[in-house]
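S.K.: Just need the structure, nothing else, for what follows:
(chains A and B)
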Protein chains: 2
Amino acid sequence: MVNQQMAALGSSRSTIRELFEYGNSRAAVVGRENVFDFSLGNPSVPAPDAVRQAIMQEAAGDPVALHGYTSAQGAADVRQALAADLNARFGTDYTGDSLYLTAGAAAALSCAFNALACPGDEFIVFAPYFPEYKMFIESGAGAKCVVVPPSAADLQIDFDALAQALNERTKAVVVNSPNNPSGVVYSEQTLDRLTALLRERAQAYGHPIYLISDEPYREIVYEGAQVPFLPCRYADTVVCYSYSKSLSLPGERIGYVLVPPQAADSAALYAAVCGAGRALGYVCAPSLFQRVAARCVGVSGDVAAYQANRDLLYDGLTAMGYRCVKPQGAFYLFPQTLEADDRAFCARAKGYDLLVVPGADFRMPGHMRISYCVATDTIRRALPLFEQLARDYGVIS
Amino acid sequence: MVNQQMAALGSSRSTIRELFEYGNSRAAVVGRENVFDFSLGNPSVPAPDAVRQAIMQEAAGDPVALHGYTSAQGAADVRQALAADLNARFGTDYTGDSLYLTAGAAAALSCAFNALACPGDEFIVFAPYFPEYKMFIESGAGAKCVVVPPSAADLQIDFDALAQALNERTKAVVVNSPNNPSGVVYSEQTLDRLTALLRERAQAYGHPIYLISDEPYREIVYEGAQVPFLPCRYADTVVCYSYSKSLSLPGERIGYVLVPPQAADSAALYAAVCGAGRALGYVCAPSLFQRVAARCVGVSGDVAAYQANRDLLYDGLTAMGYRCVKPQGAFYLFPQTLEADDRAFCARAKGYDLLVVPGADFRMPGHMRISYCVATDTIRRALPLFEQLARDYGVIS
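M.R.: Numbers count the residues shown, from 1 in each chain, chains lettered A, B, ... in the order given. Modelled structure (predicted):
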């Protein structure tokens, strides 16, 4: 009697959510401190104090204005403030009319996919990738999700594979740098090759190929790594942003879609993003946190804490014999598992209450994602368990 | 290059949103106080002070816990608190596992429609109705929206029309009492006849017919009017609730779907609601306002202020010759327009900066919706303009 596809989606959940719920129930049994939950990308760095101040200041004001409906695109002054910030950082000339505020990046992506997808369209994503992409593209927008494997050595783009995957039905290519689950930041060289190839193919096919830049981790980079702003390099770019990670607000659901005026068909595309938000039931992004985002322009969480975690975990694991591309951003490590069957490996890790996500969930088996957005002490206490695991596998003796 | 259906939805917007945006731009020209914006259901009664206190208390706590992802269904303790409140009020025996917290009623309805809709399904809605229903059902969930006209005299259900509309493809019937746009509360008698008819037909067709009770206005009723709790009268009921109106938080997007364990296929249906939320990109309901809702259990806004507005407006307009069913709830009046062409009438009203929504938008031409969730003084100053309009039409001289 109910929609079976939806029931299946709701029963299966993502492995990540499943592990997270398991971690919660396991904590009730063995104590929270004895569960090493590396499953979820829930920022461990607290929201900057500016967030608390912004909430307090807004809450002291007129509740009717604060909690009322905003325009569907978001409050005009908030959009203007965010556009001004982008302009100051990237030398662009956006107005608030290029921004559509959303309930986080998942909503932003859903709106972008639904706005672009026409019957028969294909969207290309690069493995390893955030597992909900495929669902948003296929179950949500009714288009086809085409997965392109990465270059194995550095997890940048495998351009031969991409060249084969592109075809006349390609509507857009999704880029996620810094990457979830690998933490890899695409190099200038990678982006130059990517945009050159897309331009060439767009011309050959006689229609634009959009680049959808999913960049919630833009601000979380280490040792001065640069994340180039894609709309400045490729006109037909749509940016999906979230404050979940930069302001540590994942539960509050606040982010945006940017449709630059330079993008092909930008007026129609912006309208379609608004229409998709409407059809999906979004109404408007949460109003208090719209205002918080505007007040916190230029603020971000304590990236140094994540870097300390990365160093401790990366150095510790590689010293034990785990192999891993060193990430320059986000808060994930994506090492190879110690046996080819990553699900078996992760199940074995679970026996030590080490909760890590199989790479297969990101369409890259033989790996595991370790979210290191946890207390540094958790990593410190987990390392001997990872070591024991390596010993079980005979990697160290 | 973009999805034309989405672009059309985004370009057209709802008339209500359109009027709201027009009111904003018009206010910049003639001054906010000279625009009589009765377009939007944006509560004028401020959120109760308990909301501000709850925000302050939560914001003073641990930001990692407060702003982190919750379970997709909502924080377990919040769901438990809301279930306990329902149990205390309605004598039910729900646990938190029957609740799925959402980003407001629009999200709740979208999840319910997507969870239930199978190919070929029909959903019945009663005119006059919230115009986004049709879009959520058709553009969102891919099902068919069947509109049943009301009994003209009292805007209760026309049972002959309903009996004709019901058929083997009917998946669910949507009830919205107190009603937007008419403010009418369905009587006990109406509900008894409705549930008896649905039971009879469900048995005849050999499958359940769900009742979807969209009840954001449950708490906004006058003179002791009762809003019966439908799950206690009809087992196969799904409740979609929002705090937008009762706590005056429409911009914050917080509400829930209740799938009672007594409903047919309730486990699969609950899973499908979760799956729909996932496919639509919802992730979780805004976390701070989940907690605010739990802290404000039993609290609601100042209904007396709305009643004062209703009385002033209803008495004023009917004295001028406008005809109107007297509403017992919500904050809308739905009088007949003074000419059959309600769009022409509303356009003429716009000339006086009276912004009212044509009944045609709610599939009931010849009427207008007046949202009286405004300052009482706005109504007082608007009445002479409504009077002038009645004079223009020769209703009064």
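S.K.: any idea which helix or strand comes after the helix or strand hosting A:Leu313?
M.R.: Secondary-structure assignment from DSSP states H and E places A:Leu313 in helix A:303-319. Going down the chain from helix A:303-319, the next helix or strand is strand A:332-333, by DSSP H and E.
S.K.: So which residues make contact with the helix or strand following that following strand?
M.R.: Proceeding N to C from strand A:332-333, the next assigned helix or strand is helix A:342-350, under DSSP H and E. Helix A:342-350 has contacts (C-beta atoms under 8 Å, 6 or more residues apart in numbering or on different chains) with A:337-339, A:355-360, A:365-368, A:389, A:392. Backbone N, C-alpha and C define where each C-beta goes, glycine included.
S.K.: Return the distance of helix A:342-350 from the chain's centre.
M.R.: 24 Å (C-alpha atoms, centre = their mean, to the nearest Å).
S.K.: Quick check: buried residues in it?
M.R.: The neighbour-count check on helix A:342-350 (16 or more other C-beta atoms under 10 Å in any protein chain shown) flags A:342-343, A:345-346, A:348-350 as buried.
S.K.: thinking again about what came up before, mind checking which of the contacts of helix A:342-350 are buried?
M.R.: Burial by neighbour count, 16+ other C-beta under 10 Å: within the contacts of helix A:342-350 this picks out A:337-338, A:355-360, A:365-368, A:389.
S.K.: and those, which of them are in helices?
M.R.: Taking DSSP state H as the definition of helices, these contribute A:Leu389.
S.K.: Need the buried ones among the contacts of helix A:342-350 in TSV (columns: pLDDT and distance to chain B).
M.R.: Rendered in TSV, the data for the buried ones among the contacts of helix A:342-350 read as follows (pLDDT from 0 to 100; distance: C-beta to the nearest C-beta, whole Å):
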residue	pLDDT	distance to chain B
A:Thr337	98	25
A:Leu338	97	29
A:Leu355	96	15
A:Val356	97	18
A:Val357	95	15
A:Pro358	96	19
A:Gly359	96	21
A:Ala360	95	19
A:Pro365	96	23
A:Gly366	97	27
A:His367	98	23
A:Met368	98	20
A:Leu389	97	27
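S.K.: quick one: stretch A:226-237 near chain B?
M.R.: No: using C-beta under 8 Å from any C-beta of the partner chain, stretch A:226-237 stays clear of chain B, coming no nearer than 9.5 Å.
S.K.: End to end on that stretch, go ahead and measure it.
M.R.: From its first residue to its last, stretch A:226-237 covers 18 Å (C-alpha to C-alpha, to the nearest Å).
S.K.: And the contacts of that stretch?
M.R.: Identification of contacts with stretch A:226-237 by C-beta under 8 Å, 6+ apart yields A:89-92, A:175, A:177-178, A:185, A:188, A:191-192, A:195, A:198-199, A:202, A:208-213, A:215, A:218, A:221, A:239, A:258, A:260, A:262-264, A:329.
S.K.: Of these, which ones also sit close to chain B?
M.R.: Contacts with chain B within those, counted by C-beta under 8 Å from any C-beta: A:208, A:264.
S.K.: Just the ones in strands from the buried ones among the contacts of helix A:342-350, please.
M.R.: A:355, A:357-358, A:368 (DSSP state E).
S.K.: what's the neighbour count on the closest residue to A:Pro286 other than its chain neighbours?
M.R.: Excluding the flanking residues, the one nearest A:Pro286 by C-beta to C-beta, 6 or more residues apart in numbering or on different chains is B:Pro286, at 4.7 Å. B:Pro286 has 31 neighbours, counted by other C-beta atoms under 10 Å in any protein chain shown.
S.K.: What of A:Gly321?
M.R.: 13.
S.K.: Thought A:Ser397 was touching it, still the case?
M.R.: No: applying C-beta atoms under 8 Å, one finds A:Gly321 not in contact with A:Ser397, separated by 10.5 Å.
S.K.: For the residue nearest to A:Pro216 when sequence neighbours are not counted, give me its contacts.
M.R.: Nearest non-adjacent residue to A:Pro216, counting by C-beta to C-beta, 6+ apart: A:Ser242, 4.0 Å away. By C-beta under 8 Å, 6+ apart, the contact set of A:Ser242 is A:104-105, A:108, A:216, A:250, A:254-255.
S.K.: Show only the entries of the residues you listed found in strands.
M.R.: Using DSSP E, the contacts of A:Ser242 in strands are A:Gly255.
S.K.: Closest to chain B out of the contacts of A:Ser242?
M.R.: Among the contacts of A:Ser242, A:Pro250 lies closest to chain B (C-beta to the nearest C-beta), at 4.8 Å.
S.K.: so what pLDDT did the closest one get?
M.R.: For A:Pro250, the pLDDT comes out at 96.
S.K.: isn't it right next to B:Thr70, touching?
M.R.: No: A:Pro250 is not in contact with B:Thr70 according to C-beta under 8 Å; the separation is 9.5 Å.
S.K.: Which one's more surrounded, these two?
M.R.: Legend: neighbour count by other C-beta under 10 Å for A:Pro250 and B:Thr70, higher for A:Pro250 (26 against 23).
S.K.: The residue of the stretch 101-250 of chain A found nearest chain B: helix or strand, and which one exactly?
M.R.: Using C-beta to the nearest C-beta, the closest approach of the stretch 101-250 of chain A to chain B is made by A:Ser110 at 3.3 Å. Here A:Ser110 sits within helix A:104-116, counting by DSSP H and E.
S.K.: And the next helix or strand past that helix?
M.R.: Per DSSP H and E, the first helix or strand lying C-terminal to helix A:104-116 is strand A:122-126.
S.K.: any idea which helix or strand comes after that following strand?
M.R.: Downstream of strand A:122-126, the first helix or strand assigned by DSSP H and E is helix A:132-135.
S.K.: Any chance you could list what contacts that next one?
M.R.: With C-beta under 8 Å, 6+ apart, helix A:132-135 has contacts from A:9, A:14, A:106, A:109, A:125, A:145, A:147, A:174, B:278-279, B:281.
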